[in-house]
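> What shape does this take:
(chains A and B)
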Amino acid sequence: MTDRIGIIVNSNSHIDYVCQLASPFEREQRPAPDAYAFGAFVAIDLPQQPAADLAEDPPCLIGVIYNTLLVNPNFTNLGPRLTSQTEQAVFSPDLIDETAMLVGILALGWQDDAGPQQGTPRLAAEVNASVRRLTDEEVRQFHRDPRDNLTLRYAAALLALNNPLVPALLLEIIDRLGSLFPHEKAILQVMRDNVAWKSIVQPAG
Amino acid sequence: MVLPKTENEKLKTAVGTVKGPGETLHEYTFIAPDPERQLKHGEFVYYTAPVDGSQRQILGRITARAAVKLFPDTFMANPAVPPQTVAAMLGYESEATELFELTVTVLGYYNDLLQDFTNPRVPPQGGASIYIAENDTLTDLLSRGRRGQLGSAHIGDLLSRDPVAVPVALDVRGFTSTHLAIIASTGSGKSYLAGVLLEELLMPYNRASVLVIDPHGEYDTLQQVQNLESFRDSGYSPRVRIFRPQDLRVRISSLTLPDLRYLLTNLSEKMHYQLGRAFRYAQRTWGEDKYTLEQFYMAVREVGDSTQGEDESNDDDPTTGALIWRLSAALGGSGIFHDFENIELDELFQPGMCTLVQLNEVEQRQQQVIVAALLRRVYQARIDTEKGKLQREDRNHLPFPVFCLLEEAHNFAPANADAVSSDVLKTILSEGRKFGVGVGLISQRPGRLDGDVLSQCMTQCIMRITNPIDQNRIAESVESVGRDMLKELPALSKGQVIVSGASVNTPLMLRVRTRRTEHGGEDINAPAEWHQWFEHEQPAQAAANALPAEKELERDEDGVLWA
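Got it, this is the predicted structure:
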């Protein structure tokens, strides 16, 4: 098990990437389910600047997993088969390799020599860019501004996406941050209540 | 590091930007962040615009303020978390968190020729800068009078500015000719303001001749002006004369028929008729203003239903008897209505003199008759003097204008009742200007004050009024105060006043200045006096009562206890 989750295989926009998780065959590279859970923070490697030194912290996009998709070519292929599932792994392993797990990642910021920044990134990731999960410390760093205050600048951009999963994502993020920033829990609670009211109470009313 | 701005620099910095015309022709709106909360309701602001070839400051007053940008309510869910913190967390770190749209009523530019504001009749250009008017400019433009100069009455300073930054002086000529009303609920400082006005009227630069009708006897302290140096000037020293109820004299023959009818309540038709006939008989027989009460009784008997034709037997006539009985009850026992004595006008009026007519302990109907009789005489004297009918040696010669201040004016010109003083007050309010008789009305119940009377007072000083009936009466009768200012009425504090009308250039909200003399209208401190009773009075009383208690009870032989 590693922190590596998978690679970028597609993108829907400048900030919306699709990452394919390591396949069942790469069992040793397969991440723990928690690493690609809804609301998990990840880093997407950015191409190295030619002139840049080989810094210890290569530049990367920082994003959050907001969606999961399963790809299964056999789905709806319900005709009779000569081989069973177990035999298939032996006789045509490539067919099994066609099943995949994809996760959607929203880029919320980036990290470069100046440290982590929130906002729409200037640079974009490339196909096959490696995606890894962020440690708690990295998540904490990402949510600190230069004055050491808790920051959540990407919230407005997230809400503007008009995606039905976004409110739940924000609540998930805020809950996670609540445990990482116990001293700022009150401020986060105001924001949480605000989002929860608009997404839970108002639609039901 | 940014140095704090001086007051002047602050005023020279634009505070807002014109958005566009307002709802009416003389309004415009501007947008301002106003982080320092300078743009108060009632504050004076200006923009510059070309008028007749030169740039002029177009002055206006802020009349409404609405927020156009505020934090969402949900950001204020936790009182311990300021909304700024939530906004900062979301990435909004600017200090510009609020934005306001302010409505300004245009006064215009000051026209030296007309000595008034002229409205340019065109709204400012969108995007024009708005500045707060400087103190000196306001001092020059807002007051009709100039502080300390002939005909000025410095009553306070502009409320929206620092204390004494913009002193405001009323034009004494304005309110002494076209009348004044001071309207305020109890305890908001109307007597205090009246005291300030009287002080100003007695200043060497005014030297007014003032009569104050004081039903509560609370202007005594004004006497101090006689001893204060600030009221003296090269030979001039103001006088304050007090007529206490026991000093008041109204000659019976100076009362008119309506006065008599008013004093004698519950007269039958027949009595009314007989009283009228007796009155005319008395005037005809002994001459106007030249008969005593006894003579009037005689007149009543003379004109009564005479069967025997002899005076004595006429008392048997029930009408005559009842009328004489009523006259005797109303006038006979009174110390005020007198056969011969009358307060002479030259005792009451003199330039540089304030006369306080105290009417405490005088029954209300009598108060009204006294006031009516006084005002009528003053008015007639002024008419006769002005028209040249009276010469210097004549008794009622009054060769200077006078100003009469009436406390509790709603008693003298009530709205829904007939008072004998109403008519003469209305006459003076509508005609007095021509003959130099000015009236100042002070009332705590404008709702009970006659609407015509109130609307004839062209200078209004309105203090805190919370009663909606009173507020409506003011709105109906006082057209010079805008609706926006009337909204302020319940919010005014003690000693704050809205002045509008003929003595100022535009309606103003003022802070009344401190009196030079002490204020006499203080409330009684009941808890302190109760406390004092236990400390001083009770032991004294106990000592006084102790003796009878120790005495043995004495009963007579029947066993009855005698006091």
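> Go ahead and confirm residue B:182 touches residue B:193.
Yes. Under the criterion of Cβ atoms under 8 Å, residue B:182 makes contact with residue B:193 at 5.9 Å. C-betas here are computed from N, CA, C, even on glycine.
> what residues are shared contacts of these two?
Common contact partners of residue B:182 and residue B:193 (Cβ atoms under 8 Å, 6 or more residues apart in numbering or on different chains): B:461, B:463.
> Name the residue in those two with the higher neighbour count.
Taking neighbours as other Cβ atoms under 10 Å in any protein chain shown, residue B:182 and residue B:193 compare with residue B:182 leading, 27 against 24.
> what's the helix or strand for that one?
Assignment of secondary structure by DSSP states H and E places residue B:182 within strand B:180-183.
> And that strand, what's buried?
Neighbour-count burial for strand B:180-183, counted by 16 or more other Cβ atoms under 10 Å in any protein chain shown, picks out B:180-183.
> between those, which is nearest chain A?
residue B:183 (48.0 Å; Cβ to the nearest Cβ).
> can I assume that closest one is in contact with residue B:446?
Yes. Counting by Cβ under 8 Å, residue B:183 touches residue B:446, with 4.8 Å between them.
> shared neighbours, these two?
Counting by Cβ under 8 Å, 6+ apart, the shared contacts of residue B:183 and residue B:446 are B:454, B:465, B:470, B:474.
> Let's have these in JSON lines, adding pLDDT and secondary structure.
Putting the shared contacts of residue B:183 and residue B:446 into JSON lines (pLDDT from 0 to 100; DSSP: H, G, I helix; E, B strand; the rest coil) gives the following:
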{"residue": "B:454", "pLDDT": "86", "secondary structure": "helix"}
{"residue": "B:465", "pLDDT": "86", "secondary structure": "coil"}
{"residue": "B:470", "pLDDT": "84", "secondary structure": "helix"}
{"residue": "B:474", "pLDDT": "83", "secondary structure": "helix"}
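> Can you lay out the residues you listed as a markdown table showing distance to chain A and neighbour count?
Shown next, in a markdown table, are these (distance: Cβ to the nearest Cβ, whole Å; neighbours: other Cβ atoms under 10 Å in any protein chain shown):
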| residue | distance to chain A | neighbour count |
| --- | --- | --- |
| B:454 | 52 | 25 |
| B:465 | 42 | 24 |
| B:470 | 44 | 22 |
| B:474 | 45 | 22 |
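> any bit of the lengthiest strand in chain B sitting next to chain A?
As assigned by DSSP state E, the longest strand anywhere in chain B is strand B:54-69. No. Strand B:54-69 is not in contact with chain A by Cβ under 8 Å from any Cβ of the partner chain; minimum separation 15.7 Å.
> what's that strand in contact with?
If you take Cβ under 8 Å, 6+ apart as the criterion, strand B:54-69 is touched by B:27-28, B:31, B:39-51, B:97-110, B:117, B:120, B:124, B:133, B:137, B:141, B:482, B:484, B:506.
> Next secondary structure after that strand?
Next in sequence after strand B:54-69, counting helices and strands by DSSP H and E, comes helix B:83-89.
> Show me what the strand holding residue B:182 is packed against.
With contacts taken as 3 or more Cβ pairs under 8 Å, 6 or more residues apart in numbering or on different chains; DSSP states H and E, strand B:180-183 sits against helix B:190-202, strand B:437-443, strand B:459-462.
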